[in-house]
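Visitor: what shape does this take:
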Amino acid sequence: MSASRQIPIRVDDEDVSIWVTKSGKTTWRAHGEFRGKHVDVVAQSESSAIAAWKNKADYLTKD
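Guide: Residues are numbered from 1 along each chain as shown. Here you go, the predicted structure:
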């Protein structure tokens with residue numbers, strides 16, 4: 001497993017930091033807190049994991 005990297009991103013006009021880790025040979029995990037909820041996603045690349053995390057967090061703002 002690889003070391004985590006902290007990535008700053010912007011969701012719904014808020015700046016947040018998430019963590020991205022290579023969790024397998026071809027899988028990446030992005031996780032972090034957004035508005036008090038833990039958001040965790042897995043994808044096939046680092047950029048896909050970041051985009052998926054952002055999309056999931058943005059979806060939570062629609063609740």
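
Visitor: for Ile50, helix, strand, or coil?
Guide: Under DSSP: H, G, I helix; E, B strand; the rest coil, Ile50 falls in the helix class.

Visitor: which ones are touching Ala57?
Guide: Applying Cβ atoms under 8 Å, 6 or more residues apart in numbering to Ala57 gives the contacts 11-12, 16, 34, 39. For glycine as for every other residue, the C-beta is placed from the backbone atoms N, C-alpha and C.

Visitor: that one looks like it's in a strand, true?
Guide: No: counting by three-state DSSP, Ala57 is not found in a strand; it is helix.

Visitor: save the contacts of Ala57 as a markdown table, and put in distance to Leu60, secondary structure and neighbour count too.
Guide: Below are the contacts of Ala57 laid out as a markdown table (distance: Cβ to Cβ, whole Å; DSSP: H, G, I helix; E, B strand; the rest coil; neighbours: other Cβ atoms under 10 Å):
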| residue | distance to Leu60 | secondary structure | neighbour count |
| --- | --- | --- | --- |
| Val11 | 9 | strand | 20 |
| Asp12 | 9 | coil | 13 |
| Val16 | 12 | strand | 18 |
| Phe34 | 7 | strand | 20 |
| Val39 | 7 | strand | 22 |
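
Visitor: out of the residues you listed, which two sit at the greatest distance?
Guide: Maximum pairwise distance in the contacts of Ala57, criterion Cβ to Cβ, is 12.4 Å, between Asp12 and Val39.

Visitor: the strands in this structure, which residues?
Guide: Using DSSP state E, the strands assigned to the chain run over residues 5-11, 14-22, 28-34, 37-43.

Visitor: how about those strands in CSV, adding distance to Ile50?
Guide: Conversion of those to CSV gives the following (distance: least, Cβ to Cβ, whole Å):
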stretch, distance to Ile50
strand 5-11, 6
strand 14-22, 6
strand 28-34, 6
strand 37-43, 8
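
Visitor: count the neighbours of Lys54 for me.
Guide: Using other Cβ atoms under 10 Å, Lys54 is surrounded by 21 other residues.
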